[in-house]
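A.B. asks: 3D model of this:
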Amino acid sequence: MSQYIIVVVNRALARFFTLEPVDFPELESGPRITLLHELENQELKDNQELFADSKTGRGAAPRGAGVHGYDDKREQHIDELRRRFAVRVLDRIQKAAKAEHAEEIILASSVRMRRFLFPGMEALGRKGYRIHKVSKNMINFSPDKIHQNLAEDGVIPRKSRQLSTA
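C.D. replies: Residues are numbered from 1 along each chain as shown. Just a heads-up that it's a prediction; the model follows:
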């Protein structure tokens, strides 16, 4: 059971953490951030070959007239994949918060994902959770680096190391 659920998200991956107290605070540095679960955006991975071509489209007019471009609606399609992934992430956040009896939920999201995730977090706030939204992509950070960044922002407690004087 943890007071905090920490979720780090970009368009392809969501990592869920808890902030756990250490067993022996006089000997160990704590609290410790612990990986709870990872959720991958499989739809985006499956559709990756659709977006391999960097050009969105070009066509030639009949009889050698000029060349014209067309839009393959790539960004709209990617946004739909992001939206679907956000729904899955929000569902998992709710389940993790309930299972861990968390009081606070911290969501660190990439810029493009936050427009899909942040509105859904408001509903969790109405259910009694304290919500902290961080607009920073920390998906590739180590757990210690995530802890350090969130502690610097004042969202979670800093690690403390208390040495016994024996």
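A.B. asks: and stretch 82-92, which residues are buried?
C.D. replies: Under the neighbour-count criterion of 16 or more other C-beta atoms under 10 Å, stretch 82-92 has Arg82, Phe85, Ala86, Val89, Leu90, Arg92 buried. Backbone N, C-alpha and C define where each C-beta goes, glycine included.
A.B. asks: and what of stretch 118-126?
C.D. replies: Neighbour count says stretch 118-126 has Gly120, Met121, Leu124 buried, by 16+ other C-beta under 10 Å.
A.B. asks: Now do the helices in the protein.
C.D. replies: 42-46, 74-100, 111-126, 143-152 (DSSP state H).
A.B. asks: Can you pull out the low-pLDDT segments for this structure?
C.D. replies: Applying pLDDT under 70 to the chain flags the ranges 1, 23-28, 30, 45-72, 161-166.
A.B. asks: now with 50?
C.D. replies: 162-166 (pLDDT under 50).
A.B. asks: So Thr18 sits against Tyr4, correct?
C.D. replies: Yes - look at Thr18 against Tyr4 with C-beta atoms under 8 Å: they come within range, at 6.4 Å.
A.B. asks: what is in contact with the two at once?
C.D. replies: Common contact partners of Thr18 and Tyr4 (C-beta atoms under 8 Å, 6 or more residues apart in numbering): Ala102.
A.B. asks: number of nearby residues for the closest residue to Arg92 other than its chain neighbours?
C.D. replies: Leaving out its chain neighbours, the residue that sits closest to Arg92 by C-beta to C-beta, 6 or more residues apart in numbering is Leu39, at 5.7 Å. Counted with other C-beta atoms under 10 Å, residues neighbouring Leu39 total 17.
A.B. asks: Tell me how far Leu39 lies from Gly128.
C.D. replies: Look at Leu39 and Gly128: by C-beta to C-beta, to the nearest Å, they are 24 Å apart.
A.B. asks: and what of Met113?
C.D. replies: Relative to Gly128, Met113 is positioned 24 Å away (criterion: C-beta to C-beta).
A.B. asks: Same check on Lys159?
C.D. replies: For Lys159, the distance to Gly128 - C-beta to C-beta - is 28 Å.
A.B. asks: Compare those two (neighbour count), which wins?
C.D. replies: Neighbours were counted for Lys159 and for Gly128 using other C-beta under 10 Å; Lys159 has more, 16 against 8.
A.B. asks: so that one touches Ala151, yeah?
C.D. replies: Yes - using C-beta under 8 Å, Lys159 is in contact with Ala151, at 7.2 Å.
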